[in-house]
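Novice: this is the structure alone, sequence omitted:
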Ligand SMILES: NC(=O)c1ccc[n+]([C@@H]2O[C@H](COP(=O)([O-])OP(=O)(O)OC[C@H]3O[C@@H](n4cnc5c(N)ncnc54)[C@H](O)[C@@H]3O)[C@@H](O)[C@H]2O)c1
Ligand SMILES: O=c1ccn([C@@H]2O[C@H](COP(=O)(O)OP(=O)(O)O[C@H]3O[C@H](CO)[C@@H](O)[C@H](O)[C@H]3O)[C@@H](O)[C@H]2O)c(=O)[nH]1
């Protein structure tokens, strides 16, 4: 029986391994982590992450061929294939601070694999890593290998949160990079044999190691670039009276461009896009390519601009001050169908409003008050470390309260900001909400989820990102 061990039971390690266990009943899969609460949660009915369909997959395999454990060394020692899916945060200090990937967790996992192994192993990079990481890992693994042979593969993960199970069941592609040697080819084949249990042959791509590592950073950069492109257009739409939804529909109809990932928003968030582009920028700079670095940096600059622009629009529309006004924030997660708040645009928008002395009442169906307070007090990039190593927030932000539903959040509010596209925000009773708000009542829709015309008929002043502006908003221009 092939034994797989995955180091890191997070958003990637948990779901990917659960799906491998489900699709390959003859493979034994152990997911290990240094975080005791995480593993306890994986072994309970309350899984540590919210992901549609995940509970069902875990229930079907846990205890049969899927195990969650904190006994990292034992499972690594016994495994034939070791996936490494640990954190790769952005460095906050020293060389490359603010851009380069911090490979501390990766390095410590690699050293531990080298120390405890007593048989040959395939070691798979599942985390997103800089190009050429495999070379460094190889050096660590073989430095003191006691004659044990290690083959390194790059198998980056392309799942998106909220649709992780769907993406894993039917991936657009599985990418496997390996050394171009007989041993390397054999290792690639061994991993391919696992995926080919459910992924069609033509969707399993094999490349050299460096192409696989770089393709992951490139794919995220291209996706984020589409969003920054449409968001840049949204500013121009507002200035000219064009409608960004119509523009992106017309643009996306070109089969060379395609319709996906062209939704204008308050900005992209999530644990990957910004981090991976910063990493790409750093790699370009290190390789003497400042023009290429500058090109990709612009994707992040537009994303920051979009968030600032949104806050400025709110403040300028409300007579240039939100001081002591109640602003209801609907949605805090970085996208719908997840409770994940890593790099959510809601953090920057809330901080911007708090900076202007607003009182904020937040409602998100999946995010806890504790998480929101942590996010609003944590330093940039601190979120991307194992939970027990993150600094505890010593203070809470007093201007922020968290409500149980959208009606409580919006009661007596002067304005509403919609920051996550949860379906339930489309179906709220906006007449009731309007009655309970201060007047004039504003809605700032950062996701274009509400029917703006319907809300205007009720009496709201509505700002929809990238859409023609109300007369009110035209009269109160926002400076970005
Ligand atoms: N979240 C996503 O959607 C996504 C998608 C594709 C790729 N990635 C990449 O995958 C990697 C993991 O991301 P994630 O979102 O799962 O992170 P995560 O923080 O949810 O999970 C990482 C886990 O690794 C554990 N860990 C860290 N060092 C360890 C060690 N030495 N031994 C055992 N466990 C250790 C942590 O405790 C944590 O539970 C990152 O490189 C990320 O960029 C993430
Ligand atoms: O048209 C769009 C599409 C997305 N977003 C925003 O972009 C962010 C990222 O969304 P998405 O890509 O769907 O979620 P992630 O889970 O961050 O997934 C991305 O990052 C993962 C981690 O690397 C990759 O594996 C995935 O392929 C890649 O889509 C979110 O804030 C979305 O709201 C938009 O604003 N407009």
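Specialist: Good, I have the coordinates. Keep in mind the model is a prediction, meaning the values are calculated, not measured. Numbers count the residues shown, from 1 in each chain. Ligands and ions are numbered 1, 2, ... in the order given.
Novice: ramachandran coordinates for residue 282?
Specialist: Main-chain torsions, residue 282, degrees, to the nearest 10: phi -60, psi -40.
Novice: so stretch 75-94, near ligand 1 or not?
Specialist: Yes. Judged by CB under 6 Å from any ligand atom, stretch 75-94 and ligand 1 are in contact via 85, 86, 87, 88. Backbone N, C-alpha and C define where each C-beta goes, glycine included.
Novice: in the chain, where is pLDDT below threshold?
Specialist: 145, 391-394, 479-480 (pLDDT under 70).
Novice: switch the cut-off to 90
Specialist: Along the chain, the parts satisfying pLDDT under 90 run over 1, 50, 92-93, 130-132, 142-147, 378-398, 472-480.
Novice: near ligand 1, which residues of it are found?
Specialist: Counting by CB under 6 Å from any ligand atom, the residues of the chain that sit close to ligand 1 are 7-13, 33-35, 38, 72, 85-88, 105, 108-109, 127-128, 157, 159, 161, 271-272, 386.
Novice: same thing but at 5 Å, please
Specialist: 7-8, 10-12, 33-35, 38, 85-88, 105, 108-109, 127-128, 157, 161, 271, 386 (CB under 5 Å from any ligand atom).
Novice: narrow these to those in helices?
Specialist: 38, 105, 108, 109 (DSSP state H).
Novice: what subset of those is buried?
Specialist: Buried members of these, counted by 16 or more other CB atoms under 10 Å: 38, 105, 109.
Novice: do I have it right that the second one meets residue 87?
Specialist: Translated: residue 105. Yes. The pair residue 105 / residue 87 is scored as a contact, 5.0 Å apart, by CB atoms under 8 Å.
Novice: count the neighbours of residue 399 for me.
Specialist: A count of nearby residues for residue 399, using other CB atoms under 10 Å, gives 17.
Novice: circling back: overlap in contacts of residue 105 and residue 87?
Specialist: Common neighbours of residue 105 and residue 87, using CB atoms under 8 Å, 6 or more residues apart in numbering, are residue 386.
Novice: how about this structure: which residue is closest to ligand 1?
Specialist: The nearest approach of the chain to ligand 1 comes at residue 10, 1.9 Å away (CB to the nearest ligand atom).
Novice: out of the buried ones among the ones in helices among the residues of the chain next to ligand 1, flag the one nearest to residue 122.
Specialist: Closest approach between these and residue 122, by CB to CB: residue 109, at 14.5 Å.
Novice: and that closest one, what does it touch?
Specialist: Contacts for residue 109 were tallied using CB under 8 Å, 6+ apart; they are 7, 8, 84, 86.
Novice: go on, residue 367?
Specialist: Neighbour list for residue 367: 332, 333, 339, 341 [criterion: CB under 8 Å, 6+ apart].
Novice: and the residue nearest to the second one when sequence neighbours are not counted, what element?
Specialist: By the measure of CB to CB, 6 or more residues apart in numbering, the closest residue to residue 333 outside its immediate chain neighbours is residue 420, 5.1 Å from it. Residue 420 belongs to no helix or strand when elements are defined using DSSP states H and E.
Novice: same for ligand 2: which of the contacts of residue 109 are within range?
Specialist: Within the contacts of residue 109, nothing lies near ligand 2 by CB under 5 Å from any ligand atom.
Novice: tell me how far the residue sitting nearest the centre point of the chain lies from residue 28.
Specialist: When CA atoms, centre = their mean is applied to the chain, the residue found nearest the centroid is residue 270 (2.7 Å). Plainly put, residue 270 is 32 Å away from residue 28 if you go by CB to CB, to the nearest Å.
Novice: for this protein, what spans make up the strands?
Specialist: 3-7, 28-32, 66-69, 81-84, 121-125, 150-154, 174-178, 204-208, 326-330, 359-363, 400-402, 415-418, 442-445, 461-464 (DSSP state E).
Novice: for ligand 2, what is the nearest residue in the stretch 301-450 of the chain?
Specialist: Across the stretch 301-450 of the chain, the shortest distance to ligand 2 (CB to the nearest ligand atom) belongs to residue 335, at 3.9 Å.
Novice: if anything else comes up later, I'll come back, but that's it for now.
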